[in-house]
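Engineer: Fold the following for me, if possible:
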Amino acid sequence: MSTIRVVWGTATGPTALSSYDAALAEAGVHNYNLVTLSSVIPAGPDIEVVGRAPDLGPPGEALEVVQSSATAAPGERAAAGVGWARSADGPGIFYEVDGTSPDAVRMEIREGLAAGRDLRDWEFVEEEVYVESVAPEHEYASAVVLATYGESRPVV
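Structural biologist: Predicted coordinates for the structure are as follows:
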């Protein structure tokens, strides 16, 4: 099974959407059509925290992701984070949160992971949390954290 990579980026731009696109570029995933998954980790793949995605296929293809993103206006703060917990047998869960405070985002991720673990009859042995934040002065700014599943695939 392919690797799940955790990537992230922060960036500014003249509009909210342009800052989001630039943050995706920092993460290396701006040329894909992102397909959101519901946060369940299959048993097989390794999870690698890499920062920036390698080449995952041709531009325009679909890339399956679990994504947290936040955008702030000038003078505000944006924080985005993804956490995950895995069981001894390999399957696990992602939990994604966005907000204005990195500490609050981190706390909500941990609370969400705890609730998700309580719903499952799995013995969890691993937990990780990754949060990015940005506070723009003069432009919009976005923070993104994504877990990318494997390689891209054709859309049509």
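Engineer: I'd like the next helix or strand past the longest helix along the chain.
Structural biologist: Counting residues, the longest helix found in the chain (DSSP state H) is helix 102-118. In the C-terminal direction, the helix or strand that comes right after helix 102-118 (DSSP states H and E) is strand 124-134.
Engineer: And the contacts of that next one?
Structural biologist: With contacts defined as C-beta atoms under 8 Å, 6 or more residues apart in numbering, strand 124-134 is touched by 6, 8-12, 47, 49, 72, 77-88, 92, 102, 105-106, 109-110, 113, 117, 141-145. To be clear about C-beta, it is placed using only N, CA and C from the backbone, and glycine gets the same treatment.
Engineer: Keep only those of these that are in helices.
Structural biologist: Using DSSP H, the contacts of strand 124-134 in helices are 102, 105-106, 109-110, 113, 117.
Engineer: Am I right that Thr3 is in contact with Glu48?
Structural biologist: Yes - between Thr3 and Glu48 there is a contact under C-beta atoms under 8 Å: 5.6 Å.
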